[in-house]
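> Predicted model, plus sequence, below.
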Amino acid sequence: MSTDIEARLRDALAARADLVRHEDLTPLATVVPLRPRWQSPWVLLATAAAVLLVLGIVVQGVGGRERSDRIAPQPDGPTLEMPADVGRDWKADDLSRPARVDLDGDGVREKVQFLSEKTDDYAGRVRLQTTLSSTGEESWGIAELTSTIGVTARGAIDADGDGDEELVLPWEDLAAVGGAGHPLVFDLRDGLLVEMLAADPDLLQSGDVAVPGSQTEFYDLVHEQDWWIKGGQVWSSRSVNAFARGNMTLLRPESIVLDTWRWELGDDGVLRPTDQGCAEDSTVEGRHDCDGDQADSLPAVQPAATDTIGIGGEVALDDGGLGYRARVEDDGSGGTLVVDGPGADGLVYALSAPDPRVSTVSPTYLVGFDAASVYVASAADPAVAEVVAQTADLAGLVALRPVGDVPLGTGSDSDGRAYRTWLTKAGAVVTVVEAEDGSWDSWQWARVGGTDIAALPTGRVCFADVTDPSSVARC
């Protein structure tokens with residue numbers, strides 16, 4: 001038995017010794033000559049263990065940066081969940097596409113297949129299945145997704161800079177208003193594809209993320225967030241300011257300022273954000289670096305729609321091509337609004353406003369379907385403002401009812417604060433309410449259910465002359 005142990009240990013020592021240069025071992029050489037006691041297998045075993053430990057230290061020391069899959073977790077660090085070996089008999093969905101990722105850092109990209117668990121609602125687990133090119137060994141991971149149909153990787157990254165790549169899958173809640181999601185990052189750890197953790201997962205979300213405690217009866221406030229891959233790393237962003245969201249309507253300026261982060265992966269398997277400064281997101285130009293302004297664009301309160309018709313007038317409404325026409329007939333008691341067009345052949349509505357004025361622009365922002373809408377004011381009473389719209393069944397015209405604390409029209413509220421309402425050329429109904437310091441809180445009206453409309457906040461602005469919306473400026 002001792003002869004067999006000695007032979008195996010001598011072979012192991014010879015194999016490991018080939019990995020180390022003489023100059024690597026010289027500083028660690030003993031200063032006392034070894035005694036010839038190889039006859040005892042226990043002495044041989046202890047000596048071999050010590051030499052193997054020394055060799056491991058030397059090889060690790062001269063090997064450069066340590067790879068993440070060779071790092072033991074810290075005792076007090078986060079715990080990574082190793083994937084269960086399930087789903088070997090699952091099948092890849094026809095719409096899923098395999099990913100190509102260099103998981104083991106040998107320069108060859110492994111083919112990762114996505115095998116979907118069969119469920120009634122097509123949501124559940126996906127097995128990430130591959131064979132490592134460097135060893136020929138099988139590797140797998142498990143992802144929990146809201147849809148197992150058409151699973152496709154977002155890309156590959158090297159967030160820890162160790163030379164191998166991590167696989168990124170998008171987790172998406174397709175039913176969420178404004179979208180919702182975050183990246184799932186898988187790294188090769190102990191031969192398996194393990195999902196990494198995020199130190200601050202809230203910053204890695206995408207979509208409209210609600211501000212805690214901001215919910216009101218008609219709206220809440222949300223940050224616009226996103227994540228993407230750039231330069232082999234995951235990036236994310238969040239709008240500096242929060243915006244009002246109500247009844248599937250989000251009111252944000254054309255251009256907004258974002259805080260951005262780049263995510264770095266630690267040896268403990270945790271993704272941590274590093275501040276990358278600001279960026280801007282434009283509905284026209286997309287996301288780009290800050291240009292020095294570093295401020296959201298102003299709320300869309302101008303230009304105002306000023307063209308109107310009175311009694312006896314008729315106009316083809318500027319309604320985005322829906323094709324409605326409006327006229328005001330004299331009924332002897334104030335005026336009657338008549339609307340013609342698709343599904344509205346001569347619909348009538350009795351106007352109560354003295355000396356009514358019908359805007360040539362439709363308040364289309366307040367109609368959630370293809371239907372006629374009309375903004376009515378009064379030349380005799382500036383307090384009057386009314387929105388008339390076609391009913392959901394297209395059977396008639398009805399006045400939309402303002403609800404909430406913000407008044408519709410022009411005047412002063414119960415606290416003595418001045419307010420003014422107008423229609424923009426884009427079809428938005430805007431009300432501004434004066435603040436104590438002379439600035440104005442801007443609100444835009446939105447449909448909040450049935451025939452109700454409510455004002456949602458869009459920011460604080462200043463005017464050189466509030467009767468001229470084009471004089472709006474930052475305060």
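Happy to help now that I have it.
> show me where pLDDT drops low in the stretch 301-450 of the chain?
Across the stretch 301-450 of the chain, nothing is flagged by pLDDT under 70.
> Domain parsing of this structure, as residue ranges.
Domain assignment of the chain by automatic domain parsing yields the ranges 2-62, 99-289, 308-473.
> okay, these in CSV with distance to residue 301 and mean neighbour count next?
(Glycine included, C-beta is placed from N, CA and C.) As requested, the domains of the chain are exported to CSV (distance: least, Cβ to Cβ, whole Å; neighbours: other Cβ atoms under 10 Å):
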stretch, distance to residue 301, mean neighbour count
domain 2-62, 65, 11
domain 99-289, 11, 18
domain 308-473, 5, 18
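> I'd like these as a markdown table, with distance to residue 85 appended.
Output for the domains of the chain, formatted as a markdown table (distance: least, Cβ to Cβ, whole Å):
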| stretch | distance to residue 85 |
| --- | --- |
| domain 2-62 | 29 |
| domain 99-289 | 7 |
| domain 308-473 | 50 |
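> Identify whichever of those domains lies nearest to residue 84.
domain 99-289 (6.3 Å; Cβ to Cβ).
> Centre of the chain to that closest one, how far?
Domain 99-289 sits 9 Å away from the centroid of its parent chain (Cα atoms, centre = their mean, to the nearest Å).
> first vs last residue of that domain, how far apart are they?
30 Å (Cα to Cα, to the nearest Å).
> any idea of the mean pLDDT in that domain?
Looking at domain 99-289 alone, the average pLDDT works out to 96.
> Would you mind measuring from the most centrally placed residue in the chain to residue 383?
In the chain, the residue lying closest to the centroid (Cα atoms, centre = their mean) is residue 206, at 1.6 Å. Residue 206 is 44 Å from residue 383, where distance means Cβ to Cβ, to the nearest Å.
> Spit out the contact partners of residue 122.
Shown in contact with residue 122 (Cβ atoms under 8 Å, 6 or more residues apart in numbering): 147-149.
> Go again with 10 Å.
Going by Cβ atoms under 10 Å, 6 or more residues apart in numbering, residue 122 touches 93, 116, 145-150.
> Make CSV from the residues you listed and add secondary structure and distance to residue 302 to it.
Shown next, in CSV, are the contacts of residue 122 (DSSP: H, G, I helix; E, B strand; the rest coil; distance: Cβ to Cβ, whole Å):
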residue, secondary structure, distance to residue 302
93, coil, 50
116, strand, 52
145, strand, 45
146, coil, 42
147, coil, 43
148, coil, 49
149, coil, 46
150, coil, 44
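> of all the residues you listed, which comes closest to residue 224?
residue 146 (20.8 Å).
> Identify the residue spatially nearest to that closest one, adjacent ones excluded.
residue 123 (5.1 Å; Cβ to Cβ, 6 or more residues apart in numbering).
> from what I can see the one you found touches residue 151, true?
No: using Cβ atoms under 10 Å, residue 123 is not in contact with residue 151; the gap is 11.6 Å.
> shared neighbours, these two?
Joint contacts of residue 123 and residue 151 (Cβ under 10 Å, 6+ apart) are residue 145.
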